[in-house]
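Q: Got a predicted structure here, sequence first:
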Amino acid sequence: MLVYYSQFGMVFVVKKSNRKLLSLILVFMLVILSVPVISAGAATNTVTYEIEELSMTMDIPDSIKVVTQGVKQNDPLFTGNTFDYIETMSKIRESNAYLYGKDLNKNFEFEVLISEDQNGIQNLRKLSEKKLDRLNQSLSSEESVLSSSVYKSDSFTFIELIRNVTNDSGRYFYKDYYTVYDSMGITVRLISENDDFSDYELSVIKEIVDSIRFPSE
């Protein structure tokens, strides 16, 4: 009697007279091992965008159609029903957004805001825990903020905020990731009319945040 151990932790006990059966089993196992495994969580197709002032790049899923500050009215983005030129550029000017986008699959909006930091911070990642906690508390005390916490990715530190904002266009909920790099404040923002953000929305905005890169990082 022969005993064989497979890579799958299974044990085969085969009589010497059934070695032909064993050979067939081993061939079958080799075929299984040769079949590629397709993961349900395969990476989303993305487009890389650069914010030239900071040499900052980020990867945005291609389901999100993106408008930048300098886009022209004859751009193909405005030929369909996704964006109205006047309305979109008004939104960009109102929030001073560097990028503004819409997800065509799930119908949510997203912005990237860039402005000079007003707290004298050079790089949020380099703050001490004490100063970081103090900044988090300061931001959480703002009237529009419903909650705040610190989020650390592999490369950066962010203040994660949920805001409830009412403006001329209506009432909105923001999911903000705020960081500072080279004295510039950077906010990656998810915009929704519902405070109950979907798992899909939260995963997309986090993927974008985690993809941020700077040349010196």
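A: Done, it's in.
Q: CA atoms for contacts and neighbours, from now on please.
A: OK.
Q: Contacts only, for the closest residue to Asn96 other than its chain neighbours.
A: Spatial nearest neighbour of Asn96, excluding adjacent residues (C-alpha to C-alpha, 6 or more residues apart in numbering): Leu113 at 6.5 Å. Listed by C-alpha atoms under 8 Å, 6 or more residues apart in numbering, the contact partners of Leu113 are Ser95, Asn96, Ala97, Tyr98, Leu99, Gly185, Ile186, Thr187, Val188, Arg189.
Q: Just the buried ones out of these, please.
A: Asn96, Ala97, Tyr98, Leu99, Gly185, Ile186, Thr187, Val188, Arg189 (16 or more other C-alpha atoms under 10 Å).
Q: which of the residues in stretch 157-171 are buried?
A: By neighbour count on 16+ other C-alpha under 10 Å, the buried set for stretch 157-171 is Thr157, Phe158, Ile159, Glu160, Leu161, Ile162, Arg163, Asn164.
Q: The residues you listed in strands, which ones?
A: Thr157, Phe158, Ile159, Glu160, Leu161, Ile162, Arg163, Asn164 (DSSP state E).
Q: now stretch 50-69, how far from the centre of its chain.
A: Relative to its chain's centre, stretch 50-69 lies at 12 Å (C-alpha atoms, centre = their mean, to the nearest Å).
Q: so for it, what's the average pLDDT?
A: Confidence for stretch 50-69, expressed as mean pLDDT, is 89.
Q: Need the residues that contact that stretch.
A: Residues from elsewhere that reach stretch 50-69 (C-alpha under 8 Å, 6+ apart): 44-49, 77, 89, 92, 97-105, 182, 204, 208-209, 211-215.
Q: In PyMOL, select just the buried ones from these.
A: Restricted to buried positions by 16+ other C-alpha under 10 Å, the PyMOL selection for those reads:
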select buried, resi 77+89+92+97+98+99+100+101+102+103+204+209+211+212+213
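Q: Which pair of the buried ones among the contacts of Leu113 spans the longest distance?
A: Maximum pairwise distance among these (C-alpha to C-alpha): 14.4 Å, between Leu99 and Gly185.
Q: Quick check: chain neighbours aside, which residue is closest to Val209?
A: Val209 sits nearest to Val188 (C-alpha to C-alpha, 6+ apart), 6.9 Å away.
Q: mind giving me TSV with the contacts of Leu113 and columns for secondary structure?
A: Putting the contacts of Leu113 into TSV (DSSP: H, G, I helix; E, B strand; the rest coil) gives the following:
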residue	secondary structure
Ser95	helix
Asn96	coil
Ala97	strand
Tyr98	strand
Leu99	strand
Gly185	strand
Ile186	strand
Thr187	strand
Val188	strand
Arg189	strand
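Q: re earlier: out of the buried residues of stretch 157-171, the closest to Asp196 would be?
A: Of those, the one sitting nearest to Asp196 (C-alpha to C-alpha) turns out to be Ile162, at 10.7 Å.
Q: what about stretch 118-129, start to end distance?
A: End-to-end distance for stretch 118-129, by C-alpha to C-alpha, to the nearest Å: 19 Å.
Q: Mind checking the pLDDT average for that stretch?
A: Here the average pLDDT along stretch 118-129 is 89.
Q: before we move on, what about stretch 74-86?
A: The average pLDDT within stretch 74-86 is 87.
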